[in-house]
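A.B. asks: Fold the stuff below for me.
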Amino acid sequence: MDNTQTLFDAAELKARFSPDGSPLRRQQLVMLDMVKELDRICRKHDIPYFLYGGTLLGAVRHNGFIPWDDDLDVGLMRKDYQRLMKVLPGELPPHIILQTNETDKNYFYFFAKLRDTRSFLDEGAYDRCFKYRGIFIDIFPFDKLQLPLQRLKLQSYAYTLYRNGNGSESALRKIRVLTWFNRHISFPILRCLSRLTGGKTLTYDFGIPFHIVYDEKDIFPLATHVFEGIRLSVPGNSHHMLQSQFGDYMRLPNLDHVEHHVEKLEFFDEKTD
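C.D. replies: Down below sits the predicted model:
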């Protein structure tokens, strides 16, 4: 898993984008703290998870964060995701909060976040109505579904309501009703239809506005890879998974056009490790 050829100067990239002590590097260390806790809890309860997307790319290409990256993504199969949601609240340290529809009434995403309570992060988007707004990592559920059903935009109206209502309480009330209906009625029915019609496409669970398709044979059995000096769980065939998503993934993009998600970042506590 770790025998990849380095095609760039790692020290130069780190010095340019995330030198020690910089806001981005401090953010990365907070995310690292959270994924360490997630890994510990998953190991304790035998819950399989895996890094994917840009986080997996960082692990394989950089043995850690992509130097300019300011997010971290973890995936689980839906049944494992549901188990994790049950055990996390009782296992997390006090400075980390689980954010879901249950813990934050205005949180209308259908994937969870772990939030750091010692920081504040503004993405300049829909997060402004959320209760918890610290540095986060994303936890995504995956399932085998009928892709046309997964592509139904039943939760997308929540984003429209928020934009059109400028985050007003009236708009938020409608969003809460829509989210409750989809969570308890629409999406359970769609999952049942997927099972009955032989849904076999591995993709994001319902309510998540991304439609990337994955091959289960690329993910399982899982492996591990070095990430910032520790070993974390990754798909067994990370090479094919990354090649399918990014093409020549060991080649760096145009470094003059890298994008960041964060508009504002504050730290309330000097401790980041």
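A.B. asks: got a list of what residue 100 touches?
C.D. replies: Residues in contact with residue 100 (CB atoms under 8 Å, 6 or more residues apart in numbering) are 85, 107, 112. Where you see a C-beta, it was placed from the backbone N, CA and C, and this is true even at glycine.
A.B. asks: Do I have it right that the last one meets residue 82?
C.D. replies: In other words, residue 112. No - look at residue 112 against residue 82 with CB atoms under 8 Å: they stay out of range, at 10.6 Å.
A.B. asks: more crowded one of the two?
C.D. replies: Each of residue 112 and residue 82 has its neighbours counted (other CB atoms under 10 Å); residue 112 has more, 25 against 12.
A.B. asks: Give me the mean pLDDT for the helix or strand hosting residue 191.
C.D. replies: Element membership for residue 191, per DSSP states H and E: helix 187-196. In this model, helix 187-196 has an average pLDDT of 96.
A.B. asks: any idea which helix or strand comes after the helix or strand hosting residue 245?
C.D. replies: Residue 245 belongs to helix 238-246 when assigned by DSSP H and E. Remark: after helix 238-246, the chain's next helix or strand is strand 264-267, criterion DSSP H and E.
A.B. asks: how about that following strand: buried residues?
C.D. replies: The neighbour-count check on strand 264-267 (16 or more other CB atoms under 10 Å) flags 265, 267 as buried.
A.B. asks: Show me what that strand is packed up against.
C.D. replies: With contacts taken as 3 or more CB pairs under 8 Å, 6 or more residues apart in numbering; DSSP states H and E, strand 264-267 sits against helix 23-44, strand 119-122.
A.B. asks: Contacts for the last one, please.
C.D. replies: What that stands for is strand 119-122. So strand 119-122 is contacted by 27, 30, 127-128, 133-136, 262-269 (CB under 8 Å, 6+ apart).
A.B. asks: out of those residues, who's nearest residue 216?
C.D. replies: Taking CB to CB as the measure, residue 216 lies nearest residue 136 of these, at 27.0 Å.
A.B. asks: Now do the SS call for the nearest residue to residue 112 once chain neighbours are set aside.
C.D. replies: The shortest distance from residue 112 to any non-neighbouring residue, by CB to CB, 6 or more residues apart in numbering, is to residue 139 (4.4 Å). On the three-state scheme (DSSP: H, G, I helix; E, B strand; the rest coil), residue 139 is labelled strand.
A.B. asks: hang on, residue 139 packs against residue 81?
C.D. replies: Yes - taking CB under 8 Å as the definition, residue 139 is a contact partner of residue 81 at 7.1 Å.
A.B. asks: intersection of neighbour lists for the two?
C.D. replies: residue 112.
A.B. asks: How far off centre is stretch 234-243?
C.D. replies: What separates the centre of stretch 234-243 from the centre of its chain is 17 Å, taken as CA atoms, centre = their mean, to the nearest Å.
A.B. asks: Quick check, central residue of this protein?
C.D. replies: The centre of the chain sits closest to residue 138, judged by CA atoms, centre = their mean, with a distance of 2.6 Å.
A.B. asks: Strands along the protein, start to end?
C.D. replies: Applying DSSP state E to the chain gives strands spanning 50-51, 73-77, 96-99, 112-116, 119-122, 136-145, 201-204, 223-227, 230-234, 264-267.
A.B. asks: how about these, which one is nearest residue 37?
C.D. replies: strand 96-99 (6.1 Å).
A.B. asks: Okay, now the sheet partners of that closest one, with direction.
C.D. replies: Take DSSP bridges as the rule and strand 96-99 pairs in its sheet with strand 112-116 (antiparallel).
A.B. asks: Any chance you could list what contacts the partner strand?
C.D. replies: For strand 112-116, using CB under 8 Å, 6+ apart, the contacting residues are 30, 33-34, 37-38, 81, 85, 88, 92, 95-100, 132-139.
A.B. asks: If we use 6 Å, what do you get?
C.D. replies: 30, 34, 96-97, 99-100, 132, 134-139 (CB atoms under 6 Å, 6 or more residues apart in numbering).
A.B. asks: what angle do it and strand 136-145 make?
C.D. replies: Inter-element angle recorded for strand 112-116 and strand 136-145: 170 degrees (by axes from the mean of the first three to the mean of the last three CA atoms, to 10 degrees).
A.B. asks: Output strand 112-116 as CSV, nothing but the C-alphas.
C.D. replies: Provided in CSV are the C-alpha atoms of strand 112-116 (Å, rounded to 0.1, in the frame of the first residue of the first chain):
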residue,chain,number,x,y,z
ALA,A,112,-22.7,13.4,10.0
LYS,A,113,-19.9,15.7,11.1
LEU,A,114,-17.6,15.6,14.1
ARG,A,115,-17.1,19.2,15.3
ASP,A,116,-14.4,20.6,17.5
